[in-house]
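J.: Provided below are the primary sequence and the corresponding predicted coordinates.
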Amino acid sequence: MKIVAPLDNVAETGALLKGGADEIFCGVLTERWQKLYSDIIPPNKRGMESNLHSFAELAKVVNIAHSYGKKVALTLNAPFYSDEQVELVKEQVSEAVKTDVDAIICSDPWLIRFLQEFKGEVHISTIGVSLNSETISFYKALGAKRIILPRHLSHDEIVELSKKNSNKVDLEIFGLNESCENVDGYCGFYHRVDEYNKKLFSCRIPYDIEIIGSKNMSINRRIKTRMDHIRSCSSICGGCSIPEFKNAGLSFIKICGRGMPTSYKVKDISFIRFVIDNTDKITKEEIKKKYLEVYGRQCSLKDCYYPR
Amino acid sequence: MEKAVFFKDQKSLEGKEYDRLYYGNEFCERLIPSIDDIKKVIEFVKDKRVNFSFVTPYVTDKGIADLERIFEVLKTKVPGCEVIVNDWGVFRLVDRMGFNIVIGRLLNKQKKGPEIMRKFDSLSEESKKFLQSCAFDNGLNQEYAVKKGITRVELDNIFTGISSDFSKSGLKASLYYPYIYITTTRKCKLNSCDSIRGSQRQGIFACKKECTKYQFKLKHDLMPKELLQIGNTLFAYNDTLPIKLEERGIDRLVFITEPII
């Protein structure tokens, strides 16, 4: 099982790789794209602070990674690109190819087809919403080498899907950080409309809730408590599920966290590395103990990626 | 302009005019109609002598198996009927079974959140155009759709307006109104929402279909429109239709009687 780690800038490349990352994923948001579409419509779901700013920077990251014998994937995983954006995206692919990048992460059907000529690998983003074996076969037929499974599959569904598909394509799952409460690939909310929205995503706004269809005050209070509880869930860790995922044949584990400080990323990599390297001999309790040791807090159901 | 109604029960059709009926579910595999219910709807549709479109949700392998059984019934009872697909796996299944394939509003992606209206007027022309477009606005996706035998794509009546033009694409388009779906989840907020145990967990669990009992309105100053939490999906209401739809190949209006989950 390999660790796929997030990267925001050239300077942190060495630290992530030395820390134990097997692959790196990152995006490029050029000045030209930013000028045309601003932060609201990035080419890869992240703003300036979480992206490299040029393909020259990507080339440096790729060079460093290759010197460690590690791979780099470029995210071009906007939910869709409009007709007007197609040429711009094609230019980005062409620039990326020159850097010798190893993979492109995407989901828009035209782009997957366009990449059939690309010598590297095509990874289907979580935005591609591969919830079932048929969808995995659909993307495989288009040329996908790897599928990043959505956050919205349960532990058991992931294990079942992996057992059915172990020989078809590589499967990657989320291991740490940034769980979305909505299905990413079917979500129409924005994240970067203005300063408010950057700090408080629309799914996290403390809405006034009016309950239709129930006049039972005690149930209504309970429902509101539940809504507040869900809003405060951060779903940061899937560590306990890793041993079973590994046994089921899953090959890659993604650590989210573009935009987070390098030290956090290195800490995350060290935690996941510990779990992966000890899957055969470690218990869930020991994983939880390690979590407490690394993060200084007890893990809880509230923070669990794959609760059972 | 073809008039379609996406309905939940026959009562909701009272007083409505329509050439086509939509029936099914877009958002939850646990709410895929039973074969008995579908057979009743098919009889009703035949009795009314209107066209029929069966709507499907995004699904896991369990949902794929459920839909496969339904498609066998549809193949016999309404051969060549339309199937609205909202999952590429379902598309693959439908493609093998010879139905008329329509790309639903979940696969024909659009940006939808009403929060963009706080900023829309100040955006660049390029950004505005993008926010009025959709995944199948793109010529290369249109080309792929036509090649795969897809006949139609569907759109939501988003607040930013619609700039897409399908008139030369080989595809037709439908516009859903007045309920726009904004976002959807499998970590359903309504799951166990009325039990003490339920209030303490989040994730994907078995449910008692609490969504059939409770609905919510969500309001906040940061959200320019009221949102409706119906089951696992958030909706917003917009009954203002864009103009010159038919000129742009949007030749079907799909009226949603109520947010259907």
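T.: That came through fine.
J.: How about the stretch 151-300 of chain A: which residue is closest to chain B?
T.: A:Gly188 (2.9 Å; Cβ to the nearest Cβ). Backbone N, C-alpha and C define where each C-beta goes, glycine included.
J.: Tell me which residues touch that residue, please.
T.: With contact set as Cβ atoms under 8 Å, 6 or more residues apart in numbering or on different chains, A:Gly188 has these partners: B:109-113, B:156, B:158, B:180-183.
J.: Next, the buried residues of stretch B:218-226.
T.: Buried positions in stretch B:218-226, judged by neighbour count with 16 or more other Cβ atoms under 10 Å in any protein chain shown: B:218, B:220, B:223, B:225-226.
J.: Now do the residue of the stretch 151-300 of chain A closest to chain B against A:Val86, distance only.
T.: Computed as Cβ to Cβ, to the nearest Å, the A:Gly188 to A:Val86 distance reads 21 Å.
J.: Over to A:Asn278?
T.: 46 Å.
J.: Same question for A:Glu244.
T.: Taking Cβ to Cβ, one finds A:Glu244 at 41 Å from A:Val86.
J.: Repeat that for A:Ser263.
T.: Distance from A:Ser263 to A:Val86, by Cβ to Cβ: 39 Å.
J.: now B:Thr60
T.: Separation of B:Thr60 from A:Val86 (Cβ to Cβ) stands at 32 Å.
J.: which one of those two has more residues nearby?
T.: B:Thr60 (23 against 18; other Cβ atoms under 10 Å in any protein chain shown).
J.: I figured the more buried one hits A:Leu131, correct?
T.: Yes. With contact defined as Cβ atoms under 8 Å, B:Thr60 counts as touching A:Leu131 (5.1 Å).
J.: tell me the domain boundaries of chain A?
T.: A:2-179+A:235-303, A:188-232 (automatic domain parsing).
J.: Now mean pLDDT too, for the ones you listed, in TSV please.
T.: Formatted as TSV, the domains of chain A follow (pLDDT from 0 to 100):
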stretch	mean pLDDT
domain A:2-179+A:235-303	95
domain A:188-232	82
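J.: picking up where we left off before, now for B:Thr60 and A:Leu131: what residues contact both?
T.: Counting by Cβ under 8 Å, 6+ apart, the contacts common to B:Thr60 and A:Leu131 are A:153, A:157.
J.: circling back to that earlier point, intersect the buried residues of stretch B:218-226 with the contacts of chain A.
T.: B:218, B:220, B:223 (Cβ under 8 Å from any Cβ of the partner chain).
J.: Just send the residues you listed back as a markdown table, with distance to B:Arg96 and pLDDT too.
T.: A markdown table is the format used below for these (distance: Cβ to Cβ, whole Å; pLDDT from 0 to 100):
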| residue | distance to B:Arg96 | pLDDT |
| --- | --- | --- |
| B:Leu218 | 40 | 93 |
| B:His220 | 45 | 93 |
| B:Met223 | 42 | 95 |
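J.: And A:Glu210, its phi and psi?
T.: Here is the backbone geometry of A:Glu210 (degrees, to the nearest 10): phi -110, psi 120.
J.: Could you pull out the helices in chain B for me?
T.: Using DSSP state H, the helices of chain B run over B:35-48, B:61-77, B:88-97, B:125-131, B:139-147.
J.: most packed of those?
T.: helix B:88-97 (a mean of 22; mean count of other Cβ atoms under 10 Å in any protein chain shown).
J.: Okay then, goodbye and thanks.
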